[in-house]
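> take a look and give me a structure for this.
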Amino acid sequence: MRRIVSSLALAFLLALPVIAQDTDDTASDPGPTLSGPLTVVTVNAWSGLEAGGFFARGSYEESAAREFRLGLLADRITALEPDIVTLGEANPVDGMAASFSEALGMSAVSHMAEGGVRIGPVGLPTNLREGDIILAPDAAQPSFAARRTLVGGYVGRTVSLQTGATTQVLGAELVVGGRSVYVFHTRWFASPFATRDDMVELIEAYGAGELASQELIDRMDRAVQGKERRLEEARRTVVTINEVAGDAPVILTGTLNALPGSEEIAALEEAGFVDAFGAVAATPARRAGAAAASTVAGATWDPGRNTHITRHGLGPWEDETAARIDYVFVRGAGVEVEEAQVVLDESTYGVFPSSHFGVLARITIPQGGTP
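Reported below is the predicted structural model:
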């Protein structure tokens, strides 16, 4: 018996150089790689679910309408010929990662952001498995890089202990032009805006008798607390990216629910991030009322046009505000933005692909050596 074991061990050892040689041959031929200017598309895919519900969350859409809308979203994204796609508010995240991977011919990195109280497939609410998705072609060799909770309860891949709103940042590592490039996606907390103009409007409404004193206090409190939470989310987003990506080129996308020029956005810019749309737009937009929505450059939340918002009363904003709250940011030496525009903003048979419009950015990243 000992001779048999020794013979098998010897045979295994003799085979090792051959195995190693085979592995080296495979590694020396990585196949097609991703290079050149990158077209990045990001959109909040909209879960279509109501905020409340213990056993299950209510749905704004019938299943057939939701299926049509998501099919429309996939078709419209495909037509843009993107290299990188990020989706927020995808529910169920695993199912949508699989279906969009197939539709776009890409590989997906995804993670649940909100799952209620859940262990594996069993949980409450039963229909909540919402998360974020990063998609890229196989040529970019996409791989999971990081996932961090920004604010809220514990949410893992199969276990969730979340009773309140939870936000995350998800990261993937790609190989572009022979170097590592990191793509991060996030969605920050939504609340009424807390700009000086917003506070003045509330006080004026109170003075005109349109708001009771308690309602004034409640609205101002929601706005200020929401802003403070987003500032904390911004800080933790930057810390996570710095720890994971270092000095490598970074693309950051997401629904940040903050206006250009706000303190939350300034926190990213102070960390070296460049707002792609703001970098190329002639007049960077903050927001405007519905009557002027068509003139708001870069508005991705537009009650004046997007019928999902008005039909279902979506969003935490009391008025019909059109605003730019979805972004593509870039950071890194030599990284340049060639173009940025709002996309996915046209309806088919009266149906928009999402409650948010998307953002497309074309980005140039200097080539490097082997990552």
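
> excluding covalently adjacent residues, which one is nearest to G120?
Of all residues not flanking G120 in the chain, T158 sits nearest, at 5.2 Å (CB to CB, 6 or more residues apart in numbering). For glycine as for every other residue, the C-beta is placed from the backbone atoms N, C-alpha and C.

> contacting residues around that neighbour?
By CB atoms under 8 Å, 6 or more residues apart in numbering, T158 lies in contact with 118-120.

> just give me the closest of these to A98.
For the contacts of T158, the closest approach to A98 (CB to CB) belongs to G120, at 17.5 Å.

> next one: that closest one from D94, what distance?
Separation of G120 from D94 (CB to CB, to the nearest Å) stands at 12 Å.

> all strands for the stretch 151-300 of the chain, in order.
154-155, 159-161, 167-176, 179-187, 250-255, 274-275, 287-289 (DSSP state E, counting those that start in this stretch).

> out of those strands, which gets nearest to D221?
The nearest among the strands of the stretch 151-300 of the chain, by CB to CB, is strand 167-176 at 19.9 Å.

> distance from the chain centre to that closest one, please.
10 Å (CA atoms, centre = their mean, to the nearest Å).

> same check, this time on stretch 38-50
7 Å.

> over to stretch 58-77?
That offset, for stretch 58-77, works out to 18 Å (CA atoms, centre = their mean).

> same question for stretch 75-91.
On CA atoms, centre = their mean, the centre of stretch 75-91 falls 11 Å from that of its chain.

> quick one on the thing from earlier: between G120 and D94, which is the more surrounded one?
D94 (17 against 8; other CB atoms under 10 Å).

> what about the stretch 1-150 of the chain, any weak spots by pLDDT?
1-31 (pLDDT under 70).

> again, only this time at 80
Residues of the stretch 1-150 of the chain meeting the criterion pLDDT under 80: 1-33, 36.

> name the surrounding residues that touch stretch 115-126.
Outside stretch 115-126, the residues touching it (CB under 8 Å, 6+ apart) are 53-57, 128-130, 155, 158-163.

> next up, the contacts around the nearest residue to Q367 once chain neighbours are set aside.
Leaving out its chain neighbours, the residue that sits closest to Q367 by CB to CB, 6+ apart is G177, at 3.5 Å. Contacts of G177 were listed using CB under 8 Å, 6+ apart, and they are 33-36, 365-368.

> against S143, how distant is the residue nearest to G120?
20 Å.

> gap between G334 and G177?
11 Å.

> shared neighbours of those two, which are they?
With CB under 8 Å, 6+ apart as the test, G334 and G177 both reach 365-366.

> how near is A323 to I309?
Applying CB to CB to A323 and I309 gives a distance of 11 Å.

> ok, these two, which is more surrounded?
Counted by other CB under 10 Å, A323 and I309 do not tie: A323 has more neighbours, with 24 against 21.
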